[in-house]
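[1] what would the 3D arrangement of this be:
(3 chains)
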Amino acid sequence: MGHSMKRKEDARFIQGKGHYVDDIKLPGMLYMDIVRSPYAYAKIKNIDTEAALKVPGVVAVVTGRDLEKYNLHWMPTLMSDTQMVLPTDTVMYQAQEVAAVIATSRYAARDGREAVLVEYEPMKPVMDPYKSLLPNAPVLRPDKPGKTDNHIWHWEVGDKEKTEAVFAKAEVVVKQDMYIPRIHVASIETCGCVADYDKVNNHLTMYMTTQAPHAIRTVIALVAGHVGLTEEKIRVISPDLGGGFGGKVPVYPGYVIAIAVSFLVGAPVKWIEDRSENLQADSFARDYHITAEMAGTKDGKILATRFKVLADHGYTDASANPSKFPTGLFSIGTGSYDYGTAYMEADAVYTNKPPGGVAYRCSFRVTEAVHAIERITDRFALEVGKDPAELRMQNFIKKEDFPWKSPTGWTYDSGDYHAGLKKAMDAIDYAGLRKEQAEKRAKGELMGIGISTFTEIVGAGPSKDFDILGIKMFDSAEIRVHPTGKAIARFGTKSQGQGHETTYAQIIAEELGIPAEHIQVEEGDTDTAPYGLGTYASRSTPTAGAAAAMAARKLRDKARKIAAYLLEVSEADLEWEPGKFFVKGAPEKVKTIQEIVFAAYTNHPQGMEAGFEATHYYDPPNLTFPSGAYICVVDVDKETGGINVRRFVAIDDCGHIINPMIVQGQVHGGLTQGIAPAMYEELIYDEAGNILNGTLMDYLVPTAVESPSWETGHVVTPSPHHPIGAKGVGESPTVGAPPAIANAIVDALSPYGITHLDIPITPFKVWKALKEKGAI
Amino acid sequence: MIAQSFNYEAPDTLAKAIALLQKYGDEAKILSGGHSLIPMMKLRFATPECLIDINDIPGLSHIKEEGGVLKIGALTREAEVEHSDLLKKHFPIFGDVTKLIADPQVRNRGTLGGNLAHGDAANDHPAVMLALNATVIATGPDGERAIPIDEFFFGFYMTALQPDEILTEIQIPIPEGNTGNAYHKLERKVGDYATAGVAVQLTLDQSGNCTAAGIGLTNVNPTPLRAARSEQALLGKPITEASIAEAAQYASEDCSPSSDLRGSEEYKRAMVAVLVKRMIHKALERAGVK
Amino acid sequence: MLKQITVTVNGAQHTAEVEPRLLLVHLIREVLNLTGTHIGCDTSSCGACTILLDGKSVKSCTILAVQANGKSVTTIEGMIQNGELHPLQEGFKENHALQCGFCTPGMIMRATELLANNPNPTEEEIRWGISGNLCRCTGYNNIVKAIEYAGAKMRGEEPASTEPQFV
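    Numbering: from 1, shown residues only, chains lettered A, B, ... in the order given. Coordinates of the predicted model:
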């Protein structure tokens, strides 16, 4: 623990020997390409496949009508809504799958795709979620029995009346509308699969880009069980993933079509998305319209908050949330501050946009919540005329008040918010920056300093509240130690770059004393790994990491029994130090873990089971609550609106750190994924439903030039309920960075009366705001 | 993303390439760097019957000085332009512009000739060539002809090149006296097409009077645009803050940008003014005036 | 319609009959089965497919296989020499400059030419030098460090510490 061990998985990646889904080539494999709708909302009048079938190499064209025969044209979403696999009548968003072309090569499949002629009758799409709720809006989902409007669900939490009473009497109330834009994970590897159905044995092997292979196997069984593909006949293999970030949790229609085609044709079928298809059709994230309000006293004490959300889900609710949480963990939005009451409500609507709502490097809508609380806190500080750092220090939950019960019902496990912010302020020389800023302002130059002090909620989750499609959100580890003392460990999670092969090995090494080098970690094959819910929402260390420790402890208990037998002493006389048991007071009487394991196979006590294996399914008693204090400094070019992020300091508290190098890497990457929506990325649609930036030429993923040199550090308050005191870190920076950047830019512009800008804050937006305020 | 099928020819002489152009007419496309063309073919926006790859034709890639004229072969890669010592000496503007074109890998393939022949007002070299008063050499069945840069760009993706002509060289007069030039564009992220871009070249005499001025604008007009009124505002007198402001104002008025994801028309006009001002200052600095 | 081409890939000569529209990246991945070179986009934006063509870093998704006829290609698989990792490969591992690994081969191939042209680049030069390669995982800090590390090694100097630095 605490050692920056170099990653075990790197050897293959740096030599071009990673094994990603598009690297798989099976004998007789066919290729699939997908015809997509140019319209956001249209009736399908006819699909003419004749010309396509004549293209050399094309073997089949599959439409919704073909799938309908097998009742495979619709599938359930994780949120118990329904999603088309292929449409029979109506397309609901631009780039929706319309038909699939199967051919003997990638090139022939594309030629076939071009030759499919689809006749559409376009209709006027509903693109604005507010207009979608108007009485005159067309009902987008008449397929759902009894549906008479586009409202999906209403959700609320907190004490509405008490909150209203505080607001009514408060000295200061601030209110801000803000939009958290629709964005995309844009992992560098797109999605894809090879579906390999073996007719003789009625067995499907599904190689696919998934972060949750076990859950996917269950979903496939639920969708295809009625055609004979029951769960024991399905093997899902998730090979190396080129990034996931939540975008590889959902089941996309392409996967299901590939399975159906392989089933029908009896050959392996490969489907790999283009980048444009990936951006235009795969699950989006965010897209929350929020009205945030804060009430407080004139001297800066926060008393209450009230958030109202309109969530645009596209044409179906295909969010990836725990079932009981339609807004995910948005209710963490009371933040790091000690106040008594809050009320939050949300409504979700259908529009003619792609479905989704994935937890993009985010524990289910936490990013949206943190942006709201951190922005409105700055807005409040500005209103009462207090420095935003001072105001935060004034309102933080105190270290000694943990475990702390939040107004929305969470029990925060631990934290030291004052120490985190102080460390960040010292690292960046906050006082010096404020002085410099004052001097610059006197000269008319624009410089801003922005803070975000967020509390995260990760590690979903305790089985009493957390499930996906009824499956509880535990996770698992299975450790087998071989006779020579080397181990293989398998997990229900699936790394997409997080370094599980190294981190999990380090946890087991710490618990058992077997060198991490000799612990082989495997994930992603449902035939071999124990069942688990997968990797997303920073849950791997809090759940599977804990499972690894617990399974190792079971083995240690067994080791103690064997050691006692070998040393002919009672168990109580033994003392453990990593790698060996020895007799108390007689350290020369010792058995190493290797000797003990060997004995487990060669000389185990009578009556004891042979072998040295353990499995643990870890059900976390609570979530973990990592936190962070981020400070950003920007310089703004007044004439062009250009923004330069001069410095960014991130102090994270993720509890005990297993591998500081990997944790820092997670923070660096997450910060770049934080600057992305703060300044560059947004999926933009016009009124006709066309996506305006559906390629990487216009969807602006930051390069090394846009990404500043990040400065990171940490404070450590261990999670009291986690076996090794860890909390999870992957998403903290993505969640925490956008408000720090937005707050810095608004701070730079505040002398001109600018109090808010929606992200992404672009030079054009800055210029426009300055222009409107008469500053230029 | 896969292109429609096509025939591929890789002639080893200019004459053979021109003969192929004559044979295929509109159905042929010249392949030089290919970094505009191949993406369009992959999207099937472009579906030529024949690609004529001119990369094997000798004599089209050079940067040389002859008789007071700088000659750059059309097949010269952006990366060669970027790192040429000869260009650095007279034309630091090429360092400015190439650094902002796409990215290093694309600049290893993309050619100066292709950047111009594509006829795209969003490309960066057209504005630079306007500022530098370049001449485009086109070679056709009847030999070479020289096309002044002001007569080269016609409309959206349209140039003065005839279907059987190939752009073979760019010639740029080497200015005398105190000359400075500079280019900058605002971009949403590195490698993006310009939100607005401005190229400036200024020559001053001994007494500080501006004797030559070239100002070209990128991506703020349907075609690459010379800011003629701005040039006039600077000519024949010493350059002052007032004349710079005037030049900036004229350029922002005379361009015709469209609103898009990069910004509104109003924003782009304002950015043209800011960049004209900044590039004039930078060119003056390089001319040794400041 | 098929064209015969001969391409030297990682030192070995290959002859193939290809459609003119075959992209170089597909020749490498699907004809020659060298799958270390990846595809991440369709607009020459991401750089995952970067290889060396006659020593120059290029995006193999925007070059036709026929254009490589008679030329020499180096891919990530050709970086290891006599069983020794290239300093860049070592640098990426030592400095945790990769996470999912998908952009890594392209990033390493690009950095190879960057260091060949500029053996001792500044941080700013490195950042601009890899601006045609997108990484979604690392935030680039450690990629810059890895290239600095390799540069030092190739100059025969002692590289900076690979331990993570914290404020």
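[2] how is chain A carved up into domains?
    Split into domains by automatic domain parsing, chain A comes to A:21-125+A:193-276, A:140-184+A:284-350, A:416-461+A:623-776, A:475-618.
[3] for the residue of chain C found nearest chain B, list the residues it contacts.
    Relative to chain B, the nearest point of chain C is C:Gly132 (2.7 Å; Cβ to the nearest Cβ). From N, CA and C alone the C-beta is placed, and that goes for glycine too. C:Gly132 sits next to A:Thr703, B:Ala102, B:Asp103, B:Pro104, B:Gln105, B:Val106, B:Gly191, C:Gly47, C:Thr50, C:Lys59, C:Arg110 when contact means Cβ atoms under 8 Å, 6 or more residues apart in numbering or on different chains.
[4] so it: helix, strand or coil?
    Local secondary structure at C:Gly132 is given as coil here, using DSSP: H, G, I helix; E, B strand; the rest coil.
[5] try A:Ser452
    Reducing the assignment at A:Ser452 to three states with three-state DSSP gives strand.
[6] can you list the residues of the stretch 1-150 of chain B near chain A?
    B:Met1, B:Ile2, B:Gln4, B:Ser5, B:Arg44 (Cβ under 8 Å from any Cβ of the partner chain).
[7] before we move on, the earlier item: from the domains of chain A, which stretch is densest packed?
    Greatest average neighbour count among the domains of chain A goes to domain A:416-461+A:623-776 (a mean of 22), per mean count of other Cβ atoms under 10 Å in any protein chain shown.
[8] would you mind checking the average pLDDT for that one?
    For domain A:416-461+A:623-776, mean pLDDT rounds to 97.
[9] which parts of chain C are helices?
    Under the criterion DSSP state H, chain C contains helices at C:24-26, C:87-94, C:104-117, C:123-129, C:141-154.
[10] any idea of the mean pLDDT in the longest helix anywhere in chain A?
    Assignment by DSSP H gives helix A:546-567 as the longest helix of chain A. Helix A:546-567 comes out with an average pLDDT of 97.
[11] got the CA coordinates for that helix in PDB?
    In PDB, the C-alpha atoms belonging to helix A:546-567 read as follows (Å, rounded to 0.1, in the frame of the first residue of the first chain):
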ATOM      1  CA  ALA A 546     -12.800  -4.400  -0.600                       C
ATOM      2  CA  ALA A 547     -13.800  -7.900  -1.800                       C
ATOM      3  CA  ALA A 548     -10.100  -8.600  -2.600                       C
ATOM      4  CA  ALA A 549      -9.100  -7.600   0.900                       C
ATOM      5  CA  MET A 550     -11.900  -9.700   2.500                       C
ATOM      6  CA  ALA A 551     -11.200 -12.700   0.400                       C
ATOM      7  CA  ALA A 552      -7.500 -12.400   1.300                       C
ATOM      8  CA  ARG A 553      -8.400 -12.200   4.900                       C
ATOM      9  CA  LYS A 554     -10.400 -15.400   4.600                       C
ATOM     10  CA  LEU A 555      -7.300 -17.000   3.200                       C
ATOM     11  CA  ARG A 556      -5.200 -15.600   6.000                       C
ATOM     12  CA  ASP A 557      -7.600 -17.200   8.500                       C
ATOM     13  CA  LYS A 558      -7.000 -20.500   6.800                       C
ATOM     14  CA  ALA A 559      -3.300 -19.900   6.700                       C
ATOM     15  CA  ARG A 560      -3.300 -19.300  10.500                       C
ATOM     16  CA  LYS A 561      -4.900 -22.700  11.000                       C
ATOM     17  CA  ILE A 562      -2.400 -24.400   8.800                       C
ATOM     18  CA  ALA A 563       0.500 -22.600  10.400                       C
ATOM     19  CA  ALA A 564      -0.700 -23.600  13.800                       C
ATOM     20  CA  TYR A 565      -0.900 -27.200  12.600                       C
ATOM     21  CA  LEU A 566       2.600 -27.100  11.100                       C
ATOM     22  CA  LEU A 567       4.200 -25.400  14.100                       C
END
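[12] centre of the chain to that helix, how far?
    Distance of helix A:546-567 from its chain centroid, counting by Cα atoms, centre = their mean, to the nearest Å, is 34 Å.
[13] please apply the same query to stretch A:686-701.
    22 Å.
[14] now do stretch A:26-34
    Relative to its parent chain, stretch A:26-34 has a centroid offset of 30 Å by Cα atoms, centre = their mean.
[15] run a quick neighbour tally on whichever residue of the stretch 101-250 of chain B sits closest to chain C.
    In the stretch 101-250 of chain B, the residue that lies nearest chain C is B:Asp103 (2.7 Å; Cβ to the nearest Cβ). Neighbourhood size, B:Asp103 [other Cβ atoms under 10 Å in any protein chain shown]: 25.
[16] that one is in contact with C:Cys46, isn't it?
    No: with contact defined as Cβ atoms under 8 Å, B:Asp103 does not count as touching C:Cys46 (10.2 Å).
[17] between those two, what contacts are shared?
    Common neighbours of B:Asp103 and C:Cys46 (Cβ under 8 Å, 6+ apart) are C:Asn133.
[18] about what we covered before: of the domains of chain A, which approaches C:Thr35 most closely?
    Across the domains of chain A, C:Thr35 has its closest neighbour in domain A:21-125+A:193-276 (3.9 Å, Cβ to Cβ).
[19] next one: that closest one to chain centre, how far?
    24 Å.
[20] is chain B contacted by it?
    Yes: for domain A:21-125+A:193-276, a contact with chain B is found by Cβ under 8 Å from any Cβ, at A:Arg106, A:Tyr107, A:Arg110, A:Asp111, A:Glu114, A:Asp274, A:Ser276.
[21] flag every buried residue along the helix-or-strand element of chain B with minimal mean pLDDT.
    Lowest mean confidence among the helices and strands of chain B (mean pLDDT, DSSP states H and E): strand B:153-155, at a mean of 90. Using 16 or more other Cβ atoms under 10 Å in any protein chain shown as the test for burial, strand B:153-155 gives B:Phe153.
[22] who are the packing partners of the helix or strand that comes right after that strand?
    Reading on from strand B:153-155 to the C-terminus, the next helix or strand found by DSSP states H and E is strand B:158-159. Packing partners of strand B:158-159 (3 or more Cβ pairs under 8 Å, 6 or more residues apart in numbering or on different chains; DSSP states H and E): none among the helices and strands.
[23] give me the contacts around strand B:158-159.
    B:Leu116, B:Ala117, B:Gly119, B:Phe152, B:Phe153.
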